[in-house]
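S.K.: everything below, folded, please.
(chains A, B, C and D)
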Number of protein chains: 2
Amino acid sequence: MPNKIDEVDFTLLRLLRKNSRMSLTEMAKDLGVTVPAIKYRIQKLEQNGIIKKYSAIIDYEKLGYGIIAFVGINIDPMKRKQIMEKILELDEIIELYEITGEYDVMAKIVTKDIHSLREFLTFKLGGVEGVTRTYTMIIVKEFDIDDRRNKQWKSMK
Amino acid sequence: MPNKIDEVDFTLLRLLRKNSRMSLTEMAKDLGVTVPAIKYRIQKLEQNGIIKKYSAIIDYEKLGYGIIAFVGINIDPMKRKQIMEKILELDEIIELYEITGEYDVMAKIVTKDIHSLREFLTFKLGGVEGVTRTYTMIIVKEFDIDDRRNKQWKSMK
DNA sequence: GTTGAAAGAACCGCTCT
DNA sequence: AGAGCGGTTCTTTCAAC
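M.R.: Residues are numbered from 1 along each chain as shown, chains lettered A, B, ... in the order given. Sure thing, here's the model as predicted:
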């Protein structure tokens, strides 16, 4: 589907990953092409879905969430659909994946503190019918992965 | 540290999470305040670190990465620092965390296909001295968590 | 992919409460 | 301190090439 992604597109993606509020003018200057050319390329990347969205990355800890964690979840496979719908409604969950391996589902969650974590695990998540087990991995430190990715992208074309 | 985050700020964060390229004008219209007020609030949120950055969210699959996975990693605790530095250099890793529980480190990775996954696990990650075990959880499906978060945020103030 | 002109948005100093 | 107003500057948009 991708209409051929070239070096300029990869650089564009790198810039937008680094700062999605960067102006077209600045990108154009950085890349040595004109503003409309940048606009056209970005539109293409948006249309073919390579750029999913532009988002502000929030520091949940500074917002008052003391606990950020991964929670591996096992579920009754016969009730998968209903369970996932229920889980998606839980406010604490900020990311959700179906995965292979020891857990069926992986969630990334935020809670105010240890007590609200317990409440979440015991009553909210644990209360969903068909959830058979949860395993909590509290994030102690998050590393910043800046760009770098561009190198790899280049080698893939 | 937060200079009191109010409802308007939470809504602002929700809007910026949904689309970080939204113009100040549009946010001002949505929130019923003036553009300078929005600008002032956003600056505060950036300065106190609640907004970490603005980023384009990439669809790695559409970019040609067939495999997206979590990898739980166990390491020799005596060599933690050097190991983390080495791991951070690996291009396949797009997110990296230190966590509690069964694994010491959790990585989110992307590779082109199963073969490059094997190569990554065996030689690149597995080749880092002090990495004692890896456990791969391939992401089969990713769910979209839109806003909703705003509700929870409101209840926290 | 470029140019140029018109519309629109962001920025700055000033004002008001 | 926080919010509004208006004029200048910069950015985006969209035509035609």
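S.K.: mind saving the C-alpha coords of the strand or helix carrying residue A:12 as CSV?
M.R.: Using DSSP states H and E, residue A:12 falls within helix A:7-18. This file holds the C-alpha atoms of helix A:7-18, laid out as CSV (Å, rounded to 0.1, in the frame of the first residue of the first chain):
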residue,chain,number,x,y,z
GLU,A,7,14.6,8.9,2.8
VAL,A,8,12.8,12.2,3.0
ASP,A,9,9.7,10.5,4.3
PHE,A,10,11.7,8.7,7.0
THR,A,11,13.4,11.9,8.0
LEU,A,12,10.0,13.5,8.1
LEU,A,13,8.7,10.7,10.4
ARG,A,14,11.7,11.1,12.6
LEU,A,15,11.1,14.8,13.0
LEU,A,16,7.4,14.4,13.7
ARG,A,17,8.1,11.7,16.2
LYS,A,18,10.5,14.0,18.0
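S.K.: what about it and DNA strand D, any contact?
M.R.: No - using CB under 7 Å from any atom of the strand, helix A:7-18 stays clear of DNA strand D, with a minimum separation of 11.5 Å. C-beta coordinates here come from the backbone N, C-alpha and C atoms, glycine included.
S.K.: which ones are touching the spatially most central residue of chain A?
M.R.: For chain A, residue A:95 is the residue whose C-alpha lies nearest the centre (CA atoms, centre = their mean; 6.5 Å). Listed by CB atoms under 8 Å, 6 or more residues apart in numbering or on different chains, the contact set of residue A:95 reads A:107-108, B:142-143, B:145.
S.K.: quick one on the thing from earlier: packing partners of the next helix or strand along the chain from the helix holding residue A:12?
M.R.: Per DSSP H and E, the first helix or strand lying C-terminal to helix A:7-18 is helix A:24-31. Under the contact definition 3 or more CB pairs under 8 Å, 6 or more residues apart in numbering or on different chains; DSSP states H and E, helix A:24-31 sits against helix A:7-18, helix A:35-47.
S.K.: so is the longest one next to DNA strand C?
M.R.: By that I understand helix A:35-47. Yes - applying CB under 7 Å from any atom of the strand, one finds that helix A:35-47 is in contact with DNA strand C at A:35-37, A:40-41.
S.K.: quick one: which of these is most hemmed in?
M.R.: Neighbour count (other CB atoms under 10 Å in any protein chain shown) singles out residue A:41 as the most crowded of those, with 19 neighbours.
S.K.: I'd guessed it sits against residue A:9; true?
M.R.: Yes - counting by CB atoms under 8 Å, residue A:41 touches residue A:9, with 5.9 Å between them.
S.K.: pull up the overlap in contacts between those two.
M.R.: With the criterion set as CB under 8 Å, 6+ apart, the contacts of residue A:41 and residue A:9 do not overlap.
S.K.: kindly list the longest strand within chain A.
M.R.: The longest strand of chain A (DSSP state E) is strand A:131-143.
S.K.: mind listing the strands that one pairs with, and their directions?
M.R.: Sheet pairing here is set by DSSP bridges, and for strand A:131-143 it gives strand A:67-75 (antiparallel), strand B:93-99 (antiparallel).
S.K.: and for stretch A:27-39, what's in contact with it?
M.R.: Contacts of stretch A:27-39 (CB under 8 Å, 6+ apart): A:8, A:11-12, A:15-16, A:24-25.
S.K.: can you redo the residues you listed as JSON lines with pLDDT and neighbour count?
M.R.: Output for these, formatted as JSON lines (pLDDT from 0 to 100; neighbours: other CB atoms under 10 Å in any protein chain shown):
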{"residue": "A:8", "pLDDT": "93", "neighbour count": "15"}
{"residue": "A:11", "pLDDT": "94", "neighbour count": "17"}
{"residue": "A:12", "pLDDT": "96", "neighbour count": "23"}
{"residue": "A:15", "pLDDT": "95", "neighbour count": "19"}
{"residue": "A:16", "pLDDT": "97", "neighbour count": "23"}
{"residue": "A:24", "pLDDT": "96", "neighbour count": "14"}
{"residue": "A:25", "pLDDT": "95", "neighbour count": "11"}
